[in-house]
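I would like the atomic coordinates for the input below:
(4 chains)
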4 protein chains.
Amino acid sequence: MIDKGLIEAENKTREAALRADYAALGEHLDRRGIDIAALKDRAKGFGVAVPSWGTGTGGTRFARFPGEGEPRDIFDKLDDCGVIHGLTQATPTVSLHIPWDKADPADLLAKAEAVGVGFDAMNSNTFQDHADHPLSYKYGSLSHMDKAVRAQAIEHNLETIEIGEKLGSKALTVWIGDGTNFPGQSHMGRQFERYLSSMKEIYQGLPEGWQIFSEHKIYEPAFYSTVVQDWGSSLLTAQELGDKAKCLVDLGHHAPNVNIEMIVSRLIHAGKLGGFHFNDSKYGDDDLDSGTIEPYRLFLIWNELVDAESADLDLAHMIDQSHNVTDPIESLMISACEIQRAYVQASLVDRAALGGFQDANDALMASATLRAAFRTDVEPILAMARLEAGGAIDPILTYRASGYRKQVAAVRPKSTGGGGGIV
Amino acid sequence: MIDKGLIEAENKTREAALRADYAALGEHLDRRGIDIAALKDRAKGFGVAVPSWGTGTGGTRFARFPGEGEPRDIFDKLDDCGVIHGLTQATPTVSLHIPWDKADPADLLAKAEAVGVGFDAMNSNTFQDHADHPLSYKYGSLSHMDKAVRAQAIEHNLETIEIGEKLGSKALTVWIGDGTNFPGQSHMGRQFERYLSSMKEIYQGLPEGWQIFSEHKIYEPAFYSTVVQDWGSSLLTAQELGDKAKCLVDLGHHAPNVNIEMIVSRLIHAGKLGGFHFNDSKYGDDDLDSGTIEPYRLFLIWNELVDAESADLDLAHMIDQSHNVTDPIESLMISACEIQRAYVQASLVDRAALGGFQDANDALMASATLRAAFRTDVEPILAMARLEAGGAIDPILTYRASGYRKQVAAVRPKSTGGGGGIV
Amino acid sequence: MIDKGLIEAENKTREAALRADYAALGEHLDRRGIDIAALKDRAKGFGVAVPSWGTGTGGTRFARFPGEGEPRDIFDKLDDCGVIHGLTQATPTVSLHIPWDKADPADLLAKAEAVGVGFDAMNSNTFQDHADHPLSYKYGSLSHMDKAVRAQAIEHNLETIEIGEKLGSKALTVWIGDGTNFPGQSHMGRQFERYLSSMKEIYQGLPEGWQIFSEHKIYEPAFYSTVVQDWGSSLLTAQELGDKAKCLVDLGHHAPNVNIEMIVSRLIHAGKLGGFHFNDSKYGDDDLDSGTIEPYRLFLIWNELVDAESADLDLAHMIDQSHNVTDPIESLMISACEIQRAYVQASLVDRAALGGFQDANDALMASATLRAAFRTDVEPILAMARLEAGGAIDPILTYRASGYRKQVAAVRPKSTGGGGGIV
Amino acid sequence: MIDKGLIEAENKTREAALRADYAALGEHLDRRGIDIAALKDRAKGFGVAVPSWGTGTGGTRFARFPGEGEPRDIFDKLDDCGVIHGLTQATPTVSLHIPWDKADPADLLAKAEAVGVGFDAMNSNTFQDHADHPLSYKYGSLSHMDKAVRAQAIEHNLETIEIGEKLGSKALTVWIGDGTNFPGQSHMGRQFERYLSSMKEIYQGLPEGWQIFSEHKIYEPAFYSTVVQDWGSSLLTAQELGDKAKCLVDLGHHAPNVNIEMIVSRLIHAGKLGGFHFNDSKYGDDDLDSGTIEPYRLFLIWNELVDAESADLDLAHMIDQSHNVTDPIESLMISACEIQRAYVQASLVDRAALGGFQDANDALMASATLRAAFRTDVEPILAMARLEAGGAIDPILTYRASGYRKQVAAVRPKSTGGGGGIV
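As a prediction, the model looks like this:
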């Protein structure tokens, strides 16, 4: 954990400038008829889950270049998550991945409490073989030809739910890599039916109050077809399962050029939006830091979500990124702040004016209304929310000043690079 | 109409070679355990509808370069359609577009009978303003903000059904250009609800035995969002309307890289596949001749359809292309033959062997099984089917020998080029 | 022209708020070590050319829905350009398109002076047939098989230069639609050689001090191959022509996912960057208003340009958009302001800090340095620059208050919709 | 090695059918004025290099699922390559990858001779860290900020050349993963200059008669920018280096929708085409088996190469694939045959007729001429070429009959799965 005193000392050096910026922004917003305090309260109420595995350095199929002080296990990861939330005050929960994060639930709960975080949705894994699973997922898992493999994969998901129940989680996210690399490799219709049948068995095992999220992805690791390739297949899945099944949207899992905010709108219409895996991308499932490539797209997604707030959707928001060339803690902090920024900017949209322009087919002014919100620099609001909640005005610089990475590097042994999948 | 005698004379020059090729192919297929006569019968039973408007030269927003002898009206177009079917014996029906093809139904029926074709699905048009419609579709039609515009668009669709009923059509295809060019221009959720509401009114007007097809398209003419942008939105539409509503798949209406045959499989699973608009494309909705850019993709789509034959789907197949640099009659003939080719090749797939490879996770041999069917040159089967049905062994060369285009050019006045939409 | 008194009156209603915002921003920038006055001066020095044809409502191949008061000819268009520059003070020049804008040069010069604009790069047109050209461009122009067609196209370009010379223009932009719709339609190598040979003849005709710009585009109106399909082919062209030949980058003319700012960097490296056609896009060559779809991309392009300022590049900047659902004057004003905004934001980048982070492989802070500039709301700088230069603090609202569109609609007859290229 | 007796026995079971098919095809081609024997000779003269690493099972960043009998080292790999060439007679050479294939050159030459293959282009590797390299390539290699890292990477390339020289190789292929994951991470212009400077040092080290190939790739492992991102940057590289530098085209390294055969044509025009990395893809750099996804694209590329034969290009052809769900030996055999198939089909094109149609702007018949060649089933020609050269009529079934995989699995220990880059 980062020392509270250090945070305070660092904040001291930035507080005056922040207060000046905040006051000026408040006056400006006031002229636009917007209450800055209300926005600050919204910022304070914001939270997005951190993926436990995101605290380690990621890689590609070509190589992985680990950094210093890589977490050895889920307890190290929770330490890192505690640092992230401590500084940003925007990531109150952690999302676990089974089997990677398997441990005694009591120990997990104790550690989480110690570092000040809770547990969010659980993630199962049937895209890799497990040491203690006799059967391989090379040719699929929940949609595999072989009933025994499907049974093993179902059982793993049920075990993941069971672990989650002990930790206070309320949802299971299912993402599978099942698909094919060649036309004809599998009968696409029957493969989908096997998947649905397996999902129904998992659905039966959902405890009271739980949700299950189906996550689609256009490709990778399968390169010709993927069983849940788009939101249409994800929607069919959620429809066939029932009310507790929803669709999860990962920003990097779509075909090129696709309008993601429109998918969000359609899933809201269908009553099937479950939540998000936030990240950013330029080409494929690049898993880059949220808001660093196309920040306006992130804003437009939040614009849909803020617009739909009256519908009282119960959404699960999680970061899902691969940090290959940065300190993962820094990338997760930056990402949480960028997601929070888009949320606050979307909260700034003058919806009454927007509605009027839409009614009048005034495309130019409607579009300008969104941009006016987007270009407002809400950094002072975010920083003030952090300051008041005990976080850091500047999480990155405060983290660097703390020397945390060096400290953990001293006790965590050097991780081997490891090759990628190609060798 | 092309003179029967000419067709016979032309066929005479090619019949010996055809019979030799056919016999050799028959022997080869026999060694593979396949009955060539059965394939020929399937080829004979094949039909795809020709779009009336496809007989004129198309264009882009930049320019249109008309050819000689452009059809002046629906009666000229039906003449051209008669030529296409006469030579290919593969296009027994024509799909009309209202208001472009409005005429006295009795005259249309008489002309169709005279040229030997029937009528397929009807197409409405609310992506252009009509001379006799007081309100503009500039800002939408079935999803327009203004109830009066929606009412006008609904009424136009009902009128299109009415015309179709008199012509023996059994389906209405609805494609709208509604969408937006800018983020914020319209509330995407409410816009979709207005569209659904309008479609429900049209659905109420469907006569006994009719179907309605919802056609999606990712973009163009709208460039930021489109109301029915993908098969997911099309599926939601068909689901909300009811059993008589299905989804139509146009091969050029998808995001880059999308696996279209998989969408076909999913719509079959959902019981919502209604038919196709065939064409080919490399970039956007290029509307190029079927099978000229990615012939294997066309085969893979037919592989799904032939595989699902036991489900007794009642599908509507139509060509939908823009012929900018070729004689439209030639392009439509080539396209019909390429679609028929893919159908016959897909009929060649050894499905028992394929199923065995799929069960054994033998991706390599499963994939090779599809390719073995695809690379079989079935041209002799197609040509023999045409010959036996009274068509031309070589439709293009026979058409050219007929001098049809020159003849009609003598009576049809030169069409003006016209600029595209940009000026 | 918009009445100066009206502009002043409108500005009066917004000046106090602007001065408050400007002062607050000045203080904030001062804390970051940035001089707001220098930025304001840069904003004042900024200019981008307006395309004459952009003042009319555009369309797609499906339809064109004209607005009120469409300009009838180049003189009406120049009136509209004068309004745009008068209000934004950011579009001092107009780019003409021949033959659309053909008129007596003396009249053009007089009109331009009257409305307060000059002339930028000239644009030739061989993607449409001309009434007074005997040969058609249906199968190409500068790369056509037929030497006579190529000669006609070359002659047209030379005539366009000649007109431009009389108007004080210093550059010719050549964009051709030449390409093919089918594999095999043309021999791609020889087609390119014919294009280069034609361009060399045009190059020979360049007057002293002129430049020629080669503009690439991946597709449309050609749908299988395009002669100058990407920056590689454009680079080869510019290299073979000589020093006066450069490459023009249109933001919407690239394959999906392509990193455009990197192309800018490569063309700077090669000494071949000539300028831009600004617009925005989500799917294809959508020609949407600049900065309305991916504003960060626009910023990143300007980041490259500002970075390269020391190289003293002589670049031609032009807007190239199609305004289908907005008032073209409004869209052009908004676009000019968004381009100017990106330029000023890019001028804000702390390049010393950025260089340091780059040297240290500090990807996170380098990236954050760009975002810090991008998220700074520079609207007060732009507005103040306009105010001081005699323009409008809010160009859109001032324009609407002026009633200009209604006034010209009273004298300019209603334009017919016209169909798109598909009918 | 596969026993000659087994190959003969297997061929015996298929020879009669092959001779019948070959004779029938010969008669058919004779009617088209084509000499089948000449085509068979071309097929026999065809060869494509196998990548040594392609004999092992590949993976993705998510997982790797090894098969049985994975090669332990370059000597096992050469055994596998010998099997591939023995059965297909189409892969006479192997391309090595340093450091993966480092061994005593004398032992390599002896082994290669024993298994009947030679050595093709050498591949260096600076996208992974090497055990014996003190500096990391995490932030780049040939374009790294740090001169010491660049020197290490240059030295590695020179060593790779040195090894290749001893093995009789004549070319070095340089593919680097250098790039960035975030806007601003590196100065794109200076990064490119550092790359060029490093390449010039390697170029200086090229022995007499050697070539160096620059290989571009749009993305992965870098996800925002890549130093050699497209053929334009590759061309600039080859131009600045000199005559011995050429561009290598990998079919999966392009942006979506890009016309690859056109790039081939442009590089031929520029005198800079060096060769290919063959594979197939649907989404990204999927590295799937050649000809299994878009076979017509493969044919169109070969159409350009056969067309340019008179130019006497000295091209290097290699397979570069990742075999994740198939037996790598089988995939490499299938791929070699599919590449050979496209080459023979392209040799079938009636170029005189094609040229005539092109001159006449007869797009329809020009396109049909290519398709007529493509749809000709040349399998009998390929099989006969194999038979006569001592290979297998059916390489896959003969390989399976040999039991080779089981045999090597008995002596090669089970490979561990290994995780992908994400954990």
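
Only C-alpha atoms from now on, for both contacts and neighbour counts.
OK.

Starting from chain C, give me the distance back to the closest residue in space to residue A:299 that isn't next to it in sequence.
Excluding the flanking residues, the one nearest residue A:299 by CA to CA, 6 or more residues apart in numbering or on different chains is residue A:342, at 4.7 Å. Using CA to the nearest CA, to the nearest Å, residue A:342 is found at 11 Å from chain C.

Then residue A:106?
For residue A:106, the distance to chain C - CA to the nearest CA - is 36 Å.

likewise residue A:276?
In terms of CA to the nearest CA, residue A:276 sits 21 Å off from chain C.

now do residue A:252
On the measure of CA to the nearest CA, residue A:252 and chain C end up 13 Å apart.

That residue: what's its closest spatial neighbour, skipping adjacent residues?
residue A:285 is the one closest to residue A:252 (CA to CA, 6+ apart), at 4.6 Å.

can I assume the one you found is in contact with residue A:256?
No - using CA atoms under 8 Å, residue A:285 makes no contact with residue A:256, being 10.6 Å away.

got the contact list for the residue nearest to residue A:299?
Shown in contact with residue A:342 (CA atoms under 8 Å, 6 or more residues apart in numbering or on different chains): A:295, A:298-299, A:302, A:374.

And for residue A:133?
Contacts of residue A:133 by CA under 8 Å, 6+ apart are residue A:152.

Mind doing that once more with 10 Å?
A:149, A:152-153, A:156 (CA atoms under 10 Å, 6 or more residues apart in numbering or on different chains).

How about stretch A:214-234 and chain C, touching?
No - Stretch A:214-234 stays clear of chain C (CA under 10 Å from any CA of the partner chain), getting no nearer than 15.6 Å.

Check which residues of that stretch are buried.
Going by neighbour count (16 or more other CA atoms under 10 Å in any protein chain shown), the buried part of stretch A:214-234 is A:214-234.

So for that stretch, mean pLDDT?
Averaged over stretch A:214-234, pLDDT sits at 98.

Does that stretch reach chain B?
Yes - against chain B, stretch A:214-234 shows contacts by CA under 10 Å from any CA at A:218-219, A:224-227, A:229-234.

Which of those fall within strands?
Taking DSSP state E as the definition of strands, the residues of stretch A:214-234 next to chain B contribute A:225-226.

hang on, the earlier thing: which residues do residue A:285 and residue A:256 both contact?
In contact with both residue A:285 and residue A:256: residue A:218, using CA under 10 Å, 6+ apart.

is it true that residue A:218 touches residue B:257?
Yes - using CA atoms under 10 Å, residue A:218 makes contact with residue B:257 at a distance of 9.1 Å.

which residues do those two both contact?
Common neighbours of residue A:218 and residue B:257 (criterion: CA under 10 Å, 6+ apart): A:224, A:255-256, D:283.

is any part of the helix or strand where residue A:368 lies close to chain C?
Assigned by DSSP states H and E, residue A:368 falls within helix A:363-374. Yes - using CA under 10 Å from any CA, helix A:363-374 comes into contact with chain C via A:363-365, A:367-368, A:370-372, A:374.

Mind checking which of those are buried?
Buried, going by 16+ other CA under 10 Å: A:363-365, A:367-368, A:370-371, A:374, out of these.

Run through the strands of the stretch 101-250 of chain A in chain order.
A:118-119, A:122-123, A:171-174, A:179-180, A:211-215, A:225-226, A:245-250 (DSSP state E, counting those that start in this stretch).

can you put those in JSON lines and add distance to chain D?
Listed next are these as JSON lines, based on distance: least, CA to the nearest CA, whole Å:
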{"stretch": "strand A:118-119", "distance to chain D": "20"}
{"stretch": "strand A:122-123", "distance to chain D": "14"}
{"stretch": "strand A:171-174", "distance to chain D": "15"}
{"stretch": "strand A:179-180", "distance to chain D": "9"}
{"stretch": "strand A:211-215", "distance to chain D": "16"}
{"stretch": "strand A:225-226", "distance to chain D": "9"}
{"stretch": "strand A:245-250", "distance to chain D": "16"}
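
Turn the ones you listed into JSON lines, columns for distance to residue D:133.
Listed next are the strands of the stretch 101-250 of chain A as JSON lines, based on distance: least, CA to CA, whole Å:
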{"stretch": "strand A:118-119", "distance to residue D:133": "42"}
{"stretch": "strand A:122-123", "distance to residue D:133": "38"}
{"stretch": "strand A:171-174", "distance to residue D:133": "41"}
{"stretch": "strand A:179-180", "distance to residue D:133": "38"}
{"stretch": "strand A:211-215", "distance to residue D:133": "41"}
{"stretch": "strand A:225-226", "distance to residue D:133": "39"}
{"stretch": "strand A:245-250", "distance to residue D:133": "38"}
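
if we take the residues of stretch A:214-234 next to chain B, which one ends up nearest to chain D?
residue A:224 (6.4 Å; CA to the nearest CA).

To what extent is the residue lying closest to that closest one once chain neighbours are set aside buried, counted in neighbours?
Spatial nearest neighbour of residue A:224, excluding adjacent residues (CA to CA, 6+ apart): residue A:181 at 4.5 Å. For residue A:181, the neighbour count with other CA atoms under 10 Å in any protein chain shown is 30.

same deal with the one 5 residues further on?
Burial measure for residue A:186: 28 neighbouring residues, criterion other CA under 10 Å.

if I look at the closest residue to it other than its chain neighbours, how far off is residue A:193?
Of all residues not flanking residue A:186 in the chain, residue B:358 sits nearest, at 5.3 Å (CA to CA, 6+ apart). In this view, residue B:358 and residue A:193 are 15 Å apart by CA to CA, to the nearest Å.

Between these two, which is the more surrounded one?
residue B:358 (20 against 15).

could you say what helices and strands the strand or helix carrying the more buried one packs with?
Per DSSP H and E, residue B:358 falls inside helix B:351-359. Counting by 3 or more CA pairs under 10 Å, 6 or more residues apart in numbering or on different chains; DSSP states H and E, the packing neighbours recorded for helix B:351-359 are helix B:363-374.

what angle separates the helix it packs on from helix B:351-359?
Counting by axes from the mean of the first three to the mean of the last three CA atoms, to 10 degrees, helix B:363-374 lies at 160 degrees to helix B:351-359.

anything in helix B:363-374 sitting right up against chain A?
Yes - against chain A, helix B:363-374 shows contacts by CA under 10 Å from any CA at B:363-371.

Determine which two of those are furthest apart.
B:363 and B:371 (12.4 Å; CA to CA).

any shared contact partners between the two?
Common neighbours of residue B:363 and residue B:371, counting by CA under 10 Å, 6+ apart, are A:183-184.

ok, so of the contacts of residue A:133, who is nearest chain C?
Using CA to the nearest CA, residue A:153 comes nearest to chain C of the contacts of residue A:133, at 35.6 Å.

and the closest one, how many residues sit next to it?
Residue A:153 is flanked by 27 other residues according to other CA under 10 Å.

Next: residue A:28.
20.

quick one: it and residue A:34 touch, right?
Yes - Residue A:28 is in contact with residue A:34 according to CA under 10 Å; the separation is 8.7 Å.

Identify the nearest residue to residue A:92 in space, disregarding sequence-adjacent positions?
The shortest distance from residue A:92 to any non-neighbouring residue, by CA to CA, 6+ apart, is to residue A:117 (5.1 Å).
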